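structure for this input, please:
(chains A and B)
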Number of protein chains: 2
Amino acid sequence: MIIVGGTATNGIDENIAKAIQLKLVKVEHRVFPDGESYIRVPEFIYDKDVLIIQSLYPPQNKHLVELELLLDTLVELGIQNITAVIPYLAYSRQNKRFREGEAISIKTVLKLMYALGAKSIVVVEPHSYDEMTFFGGTVKIIDPFPYLAEQLSLNDPLVVAPDRGAKSRALRFASKIGAEVIEVQKERDRVTGEVKITNIPQFDFKEREVIIVDDIISTGTTIANVAKNMMGAKKVIAVAVHSLLNEVNYNKLLQSGISEVIVTNTIPTVYGKVIDISPLIVQQL
Amino acid sequence: MIIVGGTATNGIDENIAKAIQLKLVKVEHRVFPDGESYIRVPEFIYDKDVLIIQSLYPPQNKHLVELELLLDTLVELGIQNITAVIPYLAYSRQNKRFREGEAISIKTVLKLMYALGAKSIVVVEPHSYDEMTFFGGTVKIIDPFPYLAEQLSLNDPLVVAPDRGAKSRALRFASKIGAEVIEVQKERDRVTGEVKITNIPQFDFKEREVIIVDDIISTGTTIANVAKNMMGAKKVIAVAVHSLLNEVNYNKLLQSGISEVIVTNTIPTVYGKVIDISPLIVQQL
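Residues are numbered from 1 along each chain as shown, chains lettered A, B, ... in the order given. Take a look at the predicted model:
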């Protein structure tokens, strides 16, 4: 087996290749002056089994098209078994027709990868595990929460799911360290995108270490709104797998009472503490 | 039949719908804060035949992914016959493996459209007509050169093909108006991208109207280099179907001796005279 490092890896390709001592071929890539992407596999690949590493972080459409080009090229070059390791799967949140006539974007994305020859895919914590059935081949989902729970030194923490979708994540995190879990209820208006907290369980947060757990932090609004309701806690930590935070939203989190943001490197980020996900991927391959 | 206006049409969808008096459904679209595209077909489409208009001008990857989402959504909504009208086909110039291991990007693009349910496509002047065989369905190529020749008032012009690839274009332009054609020979270094003129036919340009014809102007380097060798001409006009010119490159063209740049609206542009391609598309549908 050979590792092919795509155009968006954030170093995970190198970490994996080093850990399992496999040859790494880095894809040559550039952007033409007009904006078209160019990719090239710079050496002949004798092995018929290839592990592509390509994360779909922003600019998502560029990295997605480059993955499409790469898959098609490897198939044409005679590679028979392609596994695409996608640490961050873009479009994962558009997994239903929330309104009539909407694209189920993740379905299209997964359909395309399969059509282009990916036999199997490995994804770190997609937004919904169900949506992965849109992929026609073999799927491996990497659950990062027990791993993340292990990496942190927590003292009798209270784990908070900021909404219903995060409940299973909070449970997976908490069960590893035997912690309690509570769930916040919220509602999102599908047209305006506005989020409202509808219920927070009565609970004594005083002097507790509160850990808010989610799959992704994007604007940070969900987590900030929850954090504001946890006054009196010893500290409030936000743990997420994928971080799309910018400076404004990161500061918003800190101002909401979050003392620390902990994320992984599935998406490049300079905000918060970043835990390398590569060892977990290696362990589960 | 119904026209579906995509996310990148430059008004061509409206022009076509108006000219053939068909209902136009404009796709609802926006970009989420993190950069993912959202598309939605905002009304139920009863007709089973749909003409999508989507040009693949910059940002090409965004418009390509949005076309992929749109095709997949229309198929899921029960549309049986989808024709994609693509005035400007991105990635058209990467149509061969010029170097080992390169992506044949246009092959991937055309393969994807077919896989997602486009039964036929209509393209205005792709970079090579041969490459269109990569599409599995019906292909209609619109030759814009006779139409462009008709739109201009030329007086005994000399038509120049700036390289070998442009020869057939120059001939199609010239034959409509009974003009002479000459061909410039150039070479492009595939690694550095540098272009060198290797031969210009001996010819008396003095007091002639010279028309340099090409499919696409991007940096304008090819045409500017040719124009510099046409000193003494009454005027030198550049005619291209697709224009990716920016201000710097447009000025470079004017400084090279070009007196007028004539292009079409397959790509939005503010540089040069823009001829609407919609009537020709309507005529050939």
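
contacts and neighbour counts: CA atoms only from here.
Will do.

how close does the residue of the stretch 101-250 of chain A found nearest chain B get to residue B:44?
In the stretch 101-250 of chain A, the residue that lies nearest chain B is residue A:102 (4.0 Å; C-alpha to the nearest C-alpha). Residue A:102 is 11 Å from residue B:44, where distance means C-alpha to C-alpha, to the nearest Å.

compare the two (neighbour count), which wins?
Neighbour count, other C-alpha atoms under 10 Å in any protein chain shown: between residue A:102 and residue B:44, residue A:102 has more, with 23 against 10.

report the beta-bridge partners for the more buried one.
Beta-bridge pairing for residue A:102 (DSSP bridges): residue B:40.

how about the residues of chain A near chain B?
Contacts of chain A with chain B, taken as C-alpha under 8 Å from any C-alpha of the partner chain, map to A:33-36, A:38-44, A:58-62, A:65, A:68-70, A:72-73, A:77, A:90-91, A:100-105, A:108, A:112, A:115, A:218-219, A:244.

out of these, which are inside helices?
Judged by DSSP state H, the residues of chain A next to chain B include A:60-62, A:65, A:68-70, A:72-73, A:105, A:108, A:112, A:115 as members of helices.

and the residue of the stretch 101-250 of chain A closest to chain B, what does it touch?
Counting by C-alpha atoms under 8 Å, 6 or more residues apart in numbering or on different chains, residue A:102 touches B:39, B:40, B:41, B:42, B:73.

neighbour-wise, which one of those leads?
Highest neighbour count within these: residue B:73, with 25 neighbours (other C-alpha under 10 Å).

run a quick check on that residue versus residue A:103, I expect a contact.
Yes: counting by C-alpha atoms under 8 Å, residue B:73 does reach residue A:103; the two are 5.3 Å apart.

please enumerate the helices of the stretch 101-250 of chain A.
Applying DSSP state H, counting those that start in this stretch to the stretch 101-250 of chain A gives helices spanning A:105-115, A:145-151, A:167-177, A:221-227, A:247-255.

which one of these lies closest to residue B:155?
helix A:105-115 (51.5 Å; C-alpha to C-alpha).

run the angle between that closest one and helix B:105-115 for me.
On the basis of axes from the mean of the first three to the mean of the last three C-alpha atoms, to 10 degrees, helix A:105-115 is oriented at 120 degrees to helix B:105-115.

picking that back up, now, which of the contacts of residue A:102 sits nearest residue A:129?
Out of those, the member with the shortest distance to residue A:129 (by C-alpha to C-alpha) is residue B:73, at 21.5 Å.

ok, now which ones touch the closest one?
Residue B:73 touches A:101, A:102, A:103, A:104, counting by C-alpha under 8 Å, 6+ apart.

can you dump the C-alpha atoms of the helix or strand hosting residue A:3 in CSV for me?
Taking DSSP states H and E as the criterion, residue A:3 maps to strand A:2-5. Taking Å, rounded to 0.1, in the frame of the first residue of the first chain, the C-alpha atoms of strand A:2-5 are listed here in CSV:
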residue,chain,number,x,y,z
ILE,A,2,1.1,3.5,-0.8
ILE,A,3,-0.1,6.8,0.7
VAL,A,4,-1.1,9.6,-1.7
GLY,A,5,-1.1,13.0,0.0
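
ok, residue A:52 to residue B:258 distance?
For residue A:52, the distance to residue B:258 - C-alpha to C-alpha - is 48 Å.

neighbour count winner among these two?
residue A:52 (29 against 24).

now do the same end-to-end measure for stretch A:120-134.
Span of stretch A:120-134 from end to end, C-alpha to C-alpha: 12 Å.

and stretch A:12-26, by the same measure?
12 Å.

in it, what counts as buried?
Neighbour counts over stretch A:12-26 (16 or more other C-alpha atoms under 10 Å in any protein chain shown) mark A:12, A:13, A:14, A:15, A:16, A:17, A:24, A:25, A:26 as buried.
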